[in-house]
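> give the three-dimensional model of this entry:
(chains A, B, C and D)
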There are 2 protein chains.
Amino acid sequence: MSETADRLRRYLEDELEECRSEDLRRRLAELDDLEAVLDDGVVADDVRTLSALGDGTRYRLVRLLVEASGELCVCEITPLVEVSDSAVSHALSTLAEAGLVEKRKDGRWRKYRATDRAKALLTVLDGSR
Amino acid sequence: MSETADRLRRYLEDELEECRSEDLRRRLAELDDLEAVLDDGVVADDVRTLSALGDGTRYRLVRLLVEASGELCVCEITPLVEVSDSAVSHALSTLAEAGLVEKRKDGRWRKYRATDRAKALLTVLDGSR
DNA sequence: CACTTATCTGAACGAACGCACAATCGTCTC
DNA sequence: GAGACGATTGTGCGTTCGTTCAGATAAGTG
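Numbering: from 1, shown residues only, chains lettered A, B, ... in the order given. Okay, here's the model as predicted:
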């Protein structure tokens, strides 16, 4: 159940007012998948993913992990960006919550790897520029 | 020229220290496209795009424009989201700067349309969930 | 021209964010 | 067990962000 979908339903049921075209009403009414993609859970999930990547530091970290095409530990990543190791740790944690990287314990180290979702997003960005 | 790429160059030239694997050094050295994708301009551009979409209101606006598969004017969009018309205007302006929507004057109205970049990003998000 | 409609712009303000610093935790080595 | 190393967590601080409100602009309408 989504607030926006609710608004959409009311919109479709309302009287036709100035400026709101009948054409739009018809088009939106035909979209039975619109409510699905406007579901609050789906929206929140995508927004978490996008805003996680929408930061310079985190973007660079993901870029490095994707290009390295393999696992890297924090101590390998830190010298490649211009922030403290604490900031890198915070950033990787945010990225993990967003499903953009995966963590693995390996003795004294924590190895990070980019997920398919991260790779797909960067690929699309590269392709549409 | 990118700060991160600079760091990468220094990293590859440095003496091998504890924790930084020779394997990583070899892998990174082979990537001649890494500097390209870490170019400050490219990073800033992608980050602008991602953080523009990484907000609930703006995400919903783009979603509506993509699903409607055509132009919508501001007064058609506003009743579908739960913020003021001013907030919608601000949001659309941000999205236009990020290259996610395109604006067109049509008499009294301004019509907005999602760009291919926006469609591609939402498609990837839908496909990797 | 006054009046309405559609949209934008510019504050202002509270909330959220990104970072560094300090402290802590787990693992390895001597 | 003491100490070093890799990484995380919590806190505080300055900055950015998203929103609303009020006012401006611009185009149609009577």
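> contacts only, for A:Arg58.
For A:Arg58, the contacting residues are A:Ala52, A:Ala91, A:Thr94, A:Leu95, by Cβ atoms under 8 Å, 6 or more residues apart in numbering or on different chains. Bear in mind the C-beta positions are built from the backbone N, C-alpha and C, glycine included.
> so which of those are also by chain B?
Restricting the contacts of A:Arg58 to those near chain B by Cβ under 8 Å from any Cβ of the partner chain leaves A:Ala52.
> quick one: which of the contacts of A:Arg58 has the most company?
The member of the contacts of A:Arg58 that has the most neighbours, counting by other Cβ atoms under 10 Å in any protein chain shown, is A:Leu95 with 26 neighbours.
> touching, that residue and A:Val62? I think so.
Yes. A contact is recorded between A:Leu95 and A:Val62 when judged using Cβ atoms under 8 Å, the distance being 6.4 Å.
> hey, what's in contact with both of the two?
By the contact definition Cβ under 8 Å, 6+ apart, A:Leu95 and A:Val62 are jointly contacted by A:Val101, A:Ala118.
> quick one, domains of chain A?
Using automatic domain parsing, the domains assigned to chain A come out as A:3-38, A:49-127.
> which of these has the highest mean neighbour count?
Greatest average neighbour count among those goes to domain A:49-127 (a mean of 18), per mean count of other Cβ atoms under 10 Å in any protein chain shown.
> what's the span of that domain, first residue to last?
With Cα to Cα, to the nearest Å as the measure, domain A:49-127 spans 19 Å from end to end.
> now check that domain, is it near DNA strand C?
Yes. Using Cβ under 7 Å from any atom of the strand, domain A:49-127 reaches DNA strand C at A:51, A:55-58, A:82-84, A:86-87, A:90-91, A:94, A:105, A:107-108.
> dihedrals phi and psi, A:Val101?
phi -140, psi 160 (degrees, to the nearest 10).
> report the contact partners of it.
A:Val101 sits next to A:Leu61, A:Val62, A:Leu65, A:Leu92, A:Leu95, A:Tyr112, A:Arg113, A:Ala114, A:Thr115, A:Ala118 when contact means Cβ under 8 Å, 6+ apart.
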